[in-house]
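1. sequence plus the predicted model coming up.
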Amino acid sequence: MHLLMQNSGIDFNPSISEDGSVTFGDITTCSMTITNEETTYTCEEGSVPVDGSTLKGVTLGGNCMCSTGTGASSVTYKTDSSGGEDDPPLVVTSPLYYAKGAAGVAESVKGWTVPLNAGGTDLIMQIDTGSDDIVVISTLCTSQFCQQFDQYNPEGAKNLSISSEISYGSGEETWSYSLFEDWVVVGESNTNLTSVVIGAVTNLTQATVTGDGILGVGPAYNAGESTIQQVLPEAKTFVETMLADGKVSEPAFTIHFGEVLDEFDITVLKGNNNATTGSVDWGAFALTEGMVVVETVCDNYMTPLVAFELCYQVGDDSCGRKVSIPIPKQANRNSLPSSEECASTPLIDSGTSRLLLPESMYDPLIEDLAKTYGALFGVGATDIMKMLNNEPDNQDDFFIHVMLLDALNTDTSVTFDDFVAASPMIILTFENEATLVASAGDLAQFGVAIADGVRFIIGDTVLFGDSVSFHTTEKKLAFKGGY
């Protein structure tokens, strides 16, 4: 870190103590400039900047004490540990819960959530790497669906006088909102963000969200899909805000998806430290041992597949029989990808439960599963395929095991453990031999579906038990998968 005081053309070297404090002495003028490498911070005459001003990732924790008169004075800044190249990164950790939604319309929905406090309201937010807006159910909402949730009250926030709407899922769910600027507290250390742009929901067409809103953490360069940045271009994403406030030293985060499949009602989660099933490390990229970095394409958290394989256990061999599923043409970094190529390239989406596949991959996968499940249930593979391809819309029934039992309408003696034992692992291999694996249990519970009208999405079916790092400005991800 390089700090420099300038006074009438004369440079005053700072005194730096062992505890990291920096003191400037013998100040005889009120015009001061402190530089840190390429970044400059200026204290104009008579001004007193707020504590926590930021210099290129370095937080200055003291006031710039200018006076209007002359005479000796001193200014002391307390720096944090993020200033040097060898200093450890600034990381804020949030607990991660796998929860079911609020009672009523959303209780059948399940997903990954993190707690935060917005403007004084404790909320549980669904963390969504497939979007980049912060949209919260609010007291302004007139829809009956909003009554199922805890509601953010923007009464004390700055009204930005901008209204818009956003669609989730396949576009069938529309959230109308008004924009406010408010403070947010996040993480186990109660990190305070003083100015966050929040979409306060004013109306819902339906509610299939886990938690009291959606914390979109998609890439900052994905502004074309961010309605907030479309209507307010200067708005920062959540991760950008943490970086600008000096709370993290890198615009990145790592989600450690837990292996625990217990479901917690969001009303129980608030204040329940025993319900943690994972964590989110804000500001951390590929810091977990064994993580493999891959590059992304299509301005999103998307990276091409190298192989997609089913792995069946035979005897003691966990992968005694392997089936390769053909992969359609995907986007690559050497040419401008088409929309079809991007749609065939997997998106890592924490806001989706299932594994959504292009039709050319879904059909051979289902054909293979139909043979396996047909033999298990004593039913022809053709009949099983019809059942799997005509999956009910009710989300309570998207579990493959439950769905097949319902469709067969039989008192079969096949247990869920039998079903898991017959199900394959799914191994997804990316560049640099990075892998993500869907266990047989995850496949049996969360299943797969055809990506009808949406892109290729890797959701909870695959993400359980893995750690994934996301960088919001550099086009890269990191996986710690394997089996």
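-> The structure has been received and is ready for your questions.
2. what segments of the stretch 51-200 of the chain are strands?
-> With DSSP state E, counting those that start in this stretch, the ranges of strands along the stretch 51-200 of the chain come out as 53-55, 58-60, 75-78, 92-100, 110-118, 121-128, 134-137, 158-168, 173-186, 191-204.
3. as TSV, these with mean pLDDT would be great.
-> Below are these laid out as TSV (pLDDT from 0 to 100):
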stretch	mean pLDDT
strand 53-55	35
strand 58-60	35
strand 75-78	35
strand 92-100	87
strand 110-118	89
strand 121-128	91
strand 134-137	94
strand 158-168	91
strand 173-186	93
strand 191-204	93
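4. and N334, which of those strands is closest to it?
-> Closest of the strands of the stretch 51-200 of the chain to N334 is strand 121-128, at 29.9 Å (criterion: CB to CB). Bear in mind the C-beta positions are built from the backbone N, C-alpha and C, glycine included.
5. what is the closest residue to S131 other than its chain neighbours paired to in the beta sheet?
-> Nearest residue to S131, sequence neighbours excluded (CB to CB, 6 or more residues apart in numbering): G216, at 3.7 Å. Counting by DSSP bridges, G216 forms beta bridges with D128.
6. on that earlier part again, out of the strands of the stretch 51-200 of the chain, which gets nearest to Q330?
-> Closest to Q330 of these is strand 121-128 (CB to CB; 22.9 Å).
7. so which elements touch the closest one?
-> Taking 3 or more CB pairs under 8 Å, 6 or more residues apart in numbering; DSSP states H and E as contact, the helices and strands that strand 121-128 lies on are strand 92-100, strand 110-118, strand 134-137, strand 213-216.
8. got the angle for it vs strand 92-100?
-> Interaxial angle, strand 121-128 versus strand 92-100 (axes from the mean of the first three to the mean of the last three CA atoms, to 10 degrees): 80 degrees.
9. angle of strand 121-128 against strand 173-186?
-> Interaxial angle of strand 121-128 relative to strand 173-186 (the same axes, to 10 degrees): 120 degrees.
10. ok, and what's touching strand 121-128?
-> 96-97, 99, 111-117, 134, 136, 150-153, 209-218, 255, 266, 269-271, 280, 349-351 (CB atoms under 8 Å, 6 or more residues apart in numbering).
11. check which residues of that strand are buried.
-> Using 16 or more other CB atoms under 10 Å as the test for burial, strand 121-128 gives T121, L123, I124, M125, Q126, I127, D128.
12. and L365, that one's in a helix?
-> Yes - the assignment for L365 by DSSP: H, G, I helix; E, B strand; the rest coil puts it in a helix.
13. you'd agree it is up against V448?
-> Yes - between L365 and V448 there is a contact under CB atoms under 8 Å: 6.4 Å.
14. give me the more crowded residue out of these two.
-> When neighbours are counted by other CB atoms under 10 Å, L365 and V448 differ, and V448 comes out ahead with 24 against 20.
15. which neighbours do L365 and V448 have in common?
-> Counting by CB under 8 Å, 6+ apart, the residues touching both L365 and V448 are L357.
16. what about the strands in the stretch 351-483 of the chain?
-> Under the criterion DSSP E, counting those that start in this stretch, strands of the stretch 351-483 of the chain are mapped to 355-357, 425-430, 435-438, 448-450, 457-458, 467-471, 476-480.
17. export the ones you listed to TSV and tack on mean pLDDT and distance to S335?
-> Listed next are the strands of the stretch 351-483 of the chain as TSV, based on pLDDT from 0 to 100; distance: least, CB to CB, whole Å:
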stretch	mean pLDDT	distance to S335
strand 355-357	90	24
strand 425-430	94	19
strand 435-438	91	26
strand 448-450	83	27
strand 457-458	92	23
strand 467-471	95	22
strand 476-480	93	19
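18. how much space separates Y152 from E359?
-> As judged by CB to CB, to the nearest Å, Y152 and E359 stand 40 Å apart.
19. neighbour-wise, which of those two wins?
-> Legend: neighbour count by other CB under 10 Å for Y152 and E359, higher for Y152 (29 against 10).
20. what's across from that one in the sheet?
-> S138.
21. contacting residues around it?
-> By CB under 8 Å, 6+ apart, the residues touching Y152 are A118, G119, T121, L123, V136, I137, S138, T139, I198, A200, D212, G213.
22. next: E155.
-> Residues in contact with E155 (CB under 8 Å, 6+ apart) are T139.
23. go on, L477?
-> Going by CB under 8 Å, 6+ apart, L477 touches V293, V294, E295, T296, Y301, T303, I348, V468, S469, F470, H471.
24. does the second one count as helix, strand or coil?
-> At V294 the chain is in strand, as set by three-state DSSP.
25. got the domain ranges for this structure?
-> Dividing the chain into domains by automatic domain parsing, as the record does, gives the ranges 5-78, 92-282, 292-480.
26. out of these, deepest packed?
-> Among those, domain 92-282 has the highest mean neighbour count (mean count of other CB atoms under 10 Å), at a mean of 20.
27. want to throw the strands of the stretch 351-483 of the chain into JSON lines with distance to Y177?
-> Formatted as JSON lines, the strands of the stretch 351-483 of the chain follow (distance: least, CB to CB, whole Å):
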{"stretch": "strand 355-357", "distance to Y177": "26"}
{"stretch": "strand 425-430", "distance to Y177": "35"}
{"stretch": "strand 435-438", "distance to Y177": "33"}
{"stretch": "strand 448-450", "distance to Y177": "29"}
{"stretch": "strand 457-458", "distance to Y177": "24"}
{"stretch": "strand 467-471", "distance to Y177": "24"}
{"stretch": "strand 476-480", "distance to Y177": "29"}
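28. wait, V91 sits on F285?
-> No - under the criterion of CB under 8 Å, V91 is not in contact with F285, lying 9.9 Å apart.
29. neighbour count for the two, which is higher?
-> More crowded of V91 and F285, by other CB under 10 Å: F285, with 23 against 20.
30. list the contacts for the nearest residue to the more buried one once chain neighbours are set aside?
-> Nearest non-adjacent residue to F285, counting by CB to CB, 6+ apart: A252, 3.7 Å away. Taking CB under 8 Å, 6+ apart, we find A252 in contact with V239, G283, A284, F285, S469, F470, H471, T472.
31. same thing with R321?
-> For R321, the contacting residues are C311, Y312, V314, by CB under 8 Å, 6+ apart.
32. and of the residues you listed, the nearest to T174?
-> Checking the contacts of R321 against T174 by CB to CB gives C311 as the nearest, at 40.2 Å.
33. show me the beta-bridge partners of that closest one.
-> For C311, the beta-bridge partners are K322, M425 (DSSP bridges).
34. over to E181?
-> Judged by DSSP bridges, the bridge partners of E181 are K158, V197.
35. that one contacts V197, correct?
-> Yes - counting by CB under 8 Å, V197 is a contact partner of E181 at 5.8 Å.
36. anything in contact with each of these two?
-> Counting by CB under 8 Å, 6+ apart, the contacts common to E181 and V197 are L160.
37. show me what secondary structure element comes after the host helix or strand of S318.
-> S318 is part of strand 317-324, with elements assigned from DSSP states H and E. Using DSSP H and E, the helix or strand that follows strand 317-324 towards the C-terminus is helix 339-343.
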